[in-house]
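**Student:** Sharing a model prediction with you, sequence too.
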Amino acid sequence: MDSILRHANNEPAATPAPTVKVWDPLVRLFHWSLAACILGAFLVEEGDTAHRWLGYTALGLIGFRVLWGLLGSRHARFGDWVRGPRSVATYLRQRLAGRSQRRLGHNPAAAVMILLLMAWVAAVGVTGWMQTLDAYWGVEWLEELHEALAYGLLALVGVHVLAAIVESWHYRENLIAAMVHGRKRALDNAPD
């Protein structure tokens, strides 16, 4: 509608902001594959073969992401986005005050969430795998731990999705779409 009104008023069409490639295809494939494994594992019955293989696939994806975090493209590497507690605290203070700066890669708070999600998925997967071992088969505390971790993971995923929506609104950039096509709006000032 805006473009029709601009055309009718002989106004030039707004040029889209330049974009840059941030998320490589392997990061995006990892992200959506892991999401599918988590969703699938919740939809199929625990103990079912599909549930087990979704868990093993999730563990394999976490292993891949750790390797890609060491060897991958710029914004995939942990060194690009994992920061210490002081940087996280500074970012959170700035964000709460409305002064945080947009970044091309993950911000320090997002980095904490991503590392937490990866570790949590690994814990769910390992406790699930342990239940297949003869020594732990049918052990009630392990089953309860696996289930508690699984529901905790669901809560963390909810926070992750909510944060992506809030940050998309705050920075006026669709972060979910960026995880599909890999591009984000270029930074206005200096390269990130």
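**Tutor:** The structure has been received and is ready for your questions.
**Student:** In terms of helices and strands, where is the residue nearest to the spatial centre of the chain?
**Tutor:** By C-alpha atoms, centre = their mean, the chain has its centre lying nearest to Ile114, at 5.7 Å. Element membership for Ile114, per DSSP states H and E: helix 108-130.
**Student:** Would you mark the buried spots in the next helix or strand along the chain from that helix?
**Tutor:** Downstream of helix 108-130, the next assigned helix or strand under DSSP H and E is helix 140-171. By neighbour count with 16 or more other C-beta atoms under 10 Å, helix 140-171 contains the buried residues Leu142, Glu143, Leu145, His146, Leu149, Ala150, Leu153, Val157, His160, Ala164, Glu167, Tyr171. The C-beta positions use only the backbone N, C-alpha and C, and glycine is treated the same way.
**Student:** Check these against Gly47 and report the nearest one.
**Tutor:** Nearest to Gly47, judged by C-beta to C-beta, of the buried residues of helix 140-171 is Glu143 at 9.6 Å.
**Student:** The nearest residue to the closest one once chain neighbours are set aside and His146: what is the separation?
**Tutor:** In space, and not counting its chain neighbours, Glu143 is closest to Gln131: 6.4 Å by C-beta to C-beta, 6 or more residues apart in numbering. From Gln131 over to His146 the distance is 6 Å, taken as C-beta to C-beta, to the nearest Å.
**Student:** residues in contact with stretch 101-114?
**Tutor:** With contact meaning C-beta atoms under 8 Å, 6 or more residues apart in numbering, stretch 101-114 is reached by 20, 22, 74-75, 80-83, 87-88, 90-92, 94-95, 100, 156, 159-160, 163, 167, 171, 173, 184, 187, 191-192.
**Student:** what distance separates stretch 152-172 from the middle of the whole chain?
**Tutor:** Offset of stretch 152-172 from its chain centre (C-alpha atoms, centre = their mean, to the nearest Å): 9 Å.
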